[in-house]
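Asker: Okay, predicted coordinates and the sequence, questions at the end:
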Amino acid sequence: MSLELFLISETASLRDALTQLDANHHGIILTTNSSGVTVGLATDGDVRRKLLEGASLDDAVASCANPNFVWADSATSRELLLKQLDHRIQVIPLLDAHRRLTGIVSRDYLPVQIEEPVYARARAPVRISFGGGGSDLTHFFAGEGGAVINTTISLYSHATLRKRDDLQVFVHSRDLGASLVAPDLQHVLYEVGPFGLIQALLKTVHPEFGFELYLHSDFPMNSGLGGSAVVSAVVLGCFNQFRQDRWDLHELAELAFQAERLYLGVAGGWQDQYATVFGGFNFMEFRMDQNIVHPLRIPTDVQLELEESLVLCDTGTPHDSGDIHEDQRNQMQQEGIRQKVQSNVELTYRMRNHLLRGRLLQFGQSLHEAWQFKRQFSSKISSRRLDQIYDDACANGAVGGKLLGAGGGGFFLFYVTPFRKHQLIAKLESLGLNVRPFRFEQEGLRAWSAREGKNQPQPEHT
């Protein structure tokens, strides 16, 4: 459609206007001044009424043009256009900021909506593990089956990703307090610095476009909450938004494992990746042929009571999970240690049943039993200070508890009876520990995309 067929000088004759109206087949014509600015609109009905009133075909079209006509611009919503066309208007001209014609909207023609640039976002929760830790290591369940029980809570990692028009890569991590800038992906992969996990993930995904990636978390690094798996999940979740053939939950967990365990070379188990991707209460079984994630249907009142009975506190001591897992791998060569891990697996099945039946006191006592097993897997899992914290907690109302993650530091989780919770919190805080409120999170990895234009200031309609 030629827009010139809709434009005519305001000094042109009514005869010329009729010719233009006949040529564009839309029944309207726009008048312009000497500067090309659109100043009026005339319909074929306006022209004919003017002639019936006695005007000459040589009279100027400006004599019947309406200067207060309805028009729209690029910021006008499709909804408003549809409503105007449905109400009484047949044709709507589209004008730019200089009131020059850029398009025509009619009942028979609405421009195809242009695909706008989008960005991706993702959020994933950390997990707290109740039992079975150590049995999710491949070198254990390659011989015997492994099983763990965990849930996700309301502490998250967040990621935002957008494509660039060039191949440049920008990564900014608020957790690391650092940025990585490179001309392309290959330069990123060989950079030396703190971005090892991100580099391993990019090697796994291997995007064929430039991008900007922003990362931040609600929890400290090396906290024992499975944070590296959570960061991996949100990065993969963002890139997944730009795929036609999207990875499913199992594939996302496997890719996160691949990046951290194989490419980055950090020793560890499988549960963290599955926990953050799937979310909620899960009982997980590990075999060489496949890993199975069993969601647990725990009654709401049992979940609420358990949530109120757990206390999460930060010991303020970071840990190196990879180093602890390496030591644990070596210790696992001893038959006595493997038997303790197997006993921990059997305990995990009992813990699952306690939860499903709402036997929370027994569940809390099982946490104590699980910690007694776990601290024997490696001399690096506990320390004199950590043992003292645990003993003080038990002396002030805790029925049981455990260090989360590989151990060595990070967060303690305690189960406490209802009327001694305040006493326990007061004791932990008197030891200089930070008690961290939380809620159970039923959702795992969430990823979505949004149009950049939705978050950009729109020009005012004039």
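Answerer: Perfect, I can see it now.
Asker: packing partners for the host helix or strand of residue 179?
Answerer: Residue 179 belongs to strand 178-182 when elements are defined using DSSP states H and E. Judged by 3 or more Cβ pairs under 8 Å, 6 or more residues apart in numbering; DSSP states H and E, strand 178-182 is in contact with strand 169-173. Every residue, glycine included, has its C-beta placed from N, CA and C.
Asker: Quickly note the distance from the residue minimising distance to the centre of the chain to residue 51.
Answerer: Closest to where the C-alpha atoms of the chain average out (Cα atoms, centre = their mean) is residue 122, at 0.9 Å. Distance, residue 122 to residue 51, using Cβ to Cβ, to the nearest Å: 65 Å.
Asker: got it, and residue 146?
Answerer: Residue 146 is 90 Å from residue 51, by Cβ to Cβ.
Asker: for residue 200, same thing?
Answerer: For residue 200 relative to residue 51 (Cβ to Cβ), the value is 78 Å.
Asker: Comparing those two, which residue is more hemmed in?
Answerer: Taking neighbours as other Cβ atoms under 10 Å, residue 200 and residue 51 compare with residue 200 leading, 23 against 16.
Asker: show me the contacts for the more buried one.
Answerer: Neighbouring residues of residue 200 by Cβ atoms under 8 Å, 6 or more residues apart in numbering: 259-260, 263-264.
Asker: Shouldn't it be within a helix?
Answerer: Yes - under DSSP: H, G, I helix; E, B strand; the rest coil, residue 200 falls within a helix.
Asker: Let me see the confidence value for it.
Answerer: Here the pLDDT value assigned to residue 200 is 97.
Asker: what's the answer for residue 405, then?
Answerer: For residue 405, pLDDT reads 78.
Asker: Same question for residue 86.
Answerer: Reported pLDDT for residue 86: 89.
Asker: Now do the same for it: helix, strand or coil?
Answerer: Going by three-state DSSP: residue 86 is helix.
Asker: Roughly how far does it sit from residue 94?
Answerer: Residue 86 is 18 Å from residue 94, by Cβ to Cβ.
Asker: Same check on residue 213?
Answerer: For residue 213 relative to residue 94 (Cβ to Cβ), the value is 37 Å.
Asker: The two: which is more packed in?
Answerer: Neighbours around residue 213 and residue 94, counted as other Cβ under 10 Å, are more numerous at residue 213. The numbers are 23 against 18.
Asker: what about that one, which SS state?
Answerer: strand.
Asker: where exactly do the helices run in the stretch 201-350 of the chain?
Answerer: 227-240, 249-257, 271-278, 300-309, 321-331, 335-357 (DSSP state H, counting those that start in this stretch).
Asker: As a quick check, tell me the outermost residue of the chain.
Answerer: Largest centroid distance in the chain under Cα atoms, centre = their mean is residue 54 at 68.8 Å.
Asker: Tell me which helix or strand that residue sits in.
Answerer: Going by DSSP H and E, residue 54 is not in any helix or strand.
Asker: any idea of the pLDDT on it?
Answerer: Value for residue 54, per-residue pLDDT: 93.
Asker: now do the one 4 residues further on
Answerer: What the model reports for residue 58 is a pLDDT of 94.
Asker: That one belongs to a strand, doesn't it?
Answerer: No - applying three-state DSSP, one finds residue 58 to be coil, outside a strand.
Asker: Count residues in the vicinity of it, would you?
Answerer: Around residue 58 there are 9 other residues, counting by other Cβ under 10 Å.
Asker: Residue 34 now?
Answerer: 8.
Asker: you'd agree residue 313 is up against residue 404?
Answerer: No - using Cβ atoms under 8 Å, residue 313 is not in contact with residue 404, being 10.4 Å away.
Asker: Give the intersection of the neighbour lists for those two.
Answerer: 411-412.
Asker: circling back to that earlier point, could you check how far the residue farthest from the centre of the chain is from residue 289?
Answerer: For residue 54, the distance to residue 289 - Cβ to Cβ - is 94 Å.
Asker: for residue 110, same thing?
Answerer: 55 Å.
Asker: now swap in residue 399 and tell me
Answerer: For residue 399, the distance to residue 289 - Cβ to Cβ - is 37 Å.
Asker: Give the residue from these two that has the larger number of neighbours.
Answerer: Higher neighbour count among residue 399 and residue 289: residue 399, with 21 against 5, using other Cβ under 10 Å.
Asker: ok, now which ones touch that one?
Answerer: 361, 364-365, 367-368, 415-417.
Asker: among those, which ones are buried?
Answerer: Neighbour counting over those (16 or more other Cβ atoms under 10 Å) leaves 364-365, 367-368, 415-416 as the buried ones.
Asker: my guess is residue 433 meets residue 313, correct?
Answerer: Yes - between residue 433 and residue 313 there is a contact at 4.5 Å, judged by Cβ under 8 Å.
Asker: any common contacting residues for those two?
Answerer: With Cβ under 8 Å, 6+ apart, residue 433 and residue 313 have common neighbours residue 412.
Asker: Buried residues of the strand ranked longest in the chain, list them for me.
Answerer: For the chain, the longest strand by residue count, based on DSSP state E, is strand 146-163. Residues of strand 146-163 classed as buried by neighbour count (16+ other Cβ under 10 Å): 146-153, 155-162.
Asker: quick one: which of those residues is nearest to residue 235?
Answerer: Ranked by distance to residue 235 (Cβ to Cβ), the buried residues of strand 146-163 are led by residue 159 at 5.6 Å.
Asker: How many neighbouring residues does residue 111 have?
Answerer: 13.
Asker: Show me what the closest residue to it other than its chain neighbours bridges to in the sheet.
Answerer: The spatially closest residue to residue 111, leaving aside those adjacent along the chain, is residue 103, at 6.1 Å (Cβ to Cβ, 6 or more residues apart in numbering). When bridges are called by DSSP bridges, residue 103 pairs up with residue 94.
Asker: My understanding was that residue 103 contacts residue 94; is that so?
Answerer: Yes - look at residue 103 against residue 94 with Cβ under 8 Å: they come within range, at 3.9 Å.
Asker: Skip the chain neighbours and tell me the closest residue to the residue nearest to the centre of the chain.
Answerer: residue 237 (3.4 Å).
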